[in-house]
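1. okay, predicted coordinates and the sequence, questions at the end:
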Amino acid sequence: MDTVDRWLDPSDLVDSYVHRCPARELLAVLADKWVLLVLGVLRASDGPVRFNALRRRLDGITQKMLTQTLRTLEREGLVHRAVYPTVPPRVEYSLTELGRDLGRITHAMGMWIVAHQEQLSTARVEFDEREAQLPQPV
């Protein structure tokens, strides 16, 4: 039986992520909030984006975190880094074909979040209210 065929059963898919799937490392990368935001900015751009332009678009990200995030995405094959021999060197980032393909999925996630934003907010408020009413340990 082909590996993909075995994953058609949801319990097999979960087991593969838990025990032996090499995708676990990529899932850990994608779980980082800055990764999804960087991918989103690059996806929304008309072309390559320079480092400082990315940093301006990503409110709250530090230079160190943006550098680490871009290096991680480059390592995973999702982002292309182009260095031009100028003084100072000019560096631009763009999505690879793999990154653009993943972008369709992350864009769908973003659209789902926007569509359900009110429900998510309500659920958080209701949870917090229930938690506040629980007896506190002494």
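-> That came through, no problem. Worth saying up front: this structure is predicted, and the values here are computed from it rather than measured.
2. pLDDT below threshold where in the chain?
-> Within the chain, the set of residues satisfying pLDDT under 70 comprises 1-20.
3. skipping adjacent residues, who's closest to the residue minimising distance to the centre of it in space?
-> Residue closest to the mean C-alpha point of the chain, counted by C-alpha atoms, centre = their mean, is residue 36 at 2.4 Å. Leaving aside its sequence neighbours, residue 36 sits nearest to residue 106 (C-beta to C-beta, 6 or more residues apart in numbering; 5.7 Å). Heads up, the C-betas are built off the backbone N, CA and C, glycines and all.
4. neighbours around that neighbour, how many?
-> If you count neighbours by other C-beta atoms under 10 Å, residue 106 ends up with 17.
5. I'd guess it is in a helix, am I close?
-> Yes. The assignment for residue 106 is a helix, going by DSSP: H, G, I helix; E, B strand; the rest coil.
6. tell me the contacts of it?
-> Counting by C-beta atoms under 8 Å, 6 or more residues apart in numbering, residue 106 touches 30, 36, 39-40, 43.
7. among those residues, which one has the most neighbours?
-> Counting by other C-beta under 10 Å, top hit in those: residue 39 with 23 neighbours.
8. would you mind measuring from that one to residue 71?
-> 14 Å (C-beta to C-beta, to the nearest Å).
9. which one is residue 57 nearest to, not counting chain neighbours?
-> residue 41 is the one closest to residue 57 (C-beta to C-beta, 6+ apart), at 4.8 Å.
10. mind checking the SS state of that neighbour?
-> Strictly by three-state DSSP, residue 41 counts as helix.
11. surely it and residue 56 touch.
-> No. Residue 41 is not in contact with residue 56 according to C-beta atoms under 8 Å; the separation is 9.8 Å.
12. which of the two has more residues huddled nearby?
-> Neighbour totals were compared for residue 41 and residue 56, and residue 41 leads with 17 against 12 (other C-beta under 10 Å).
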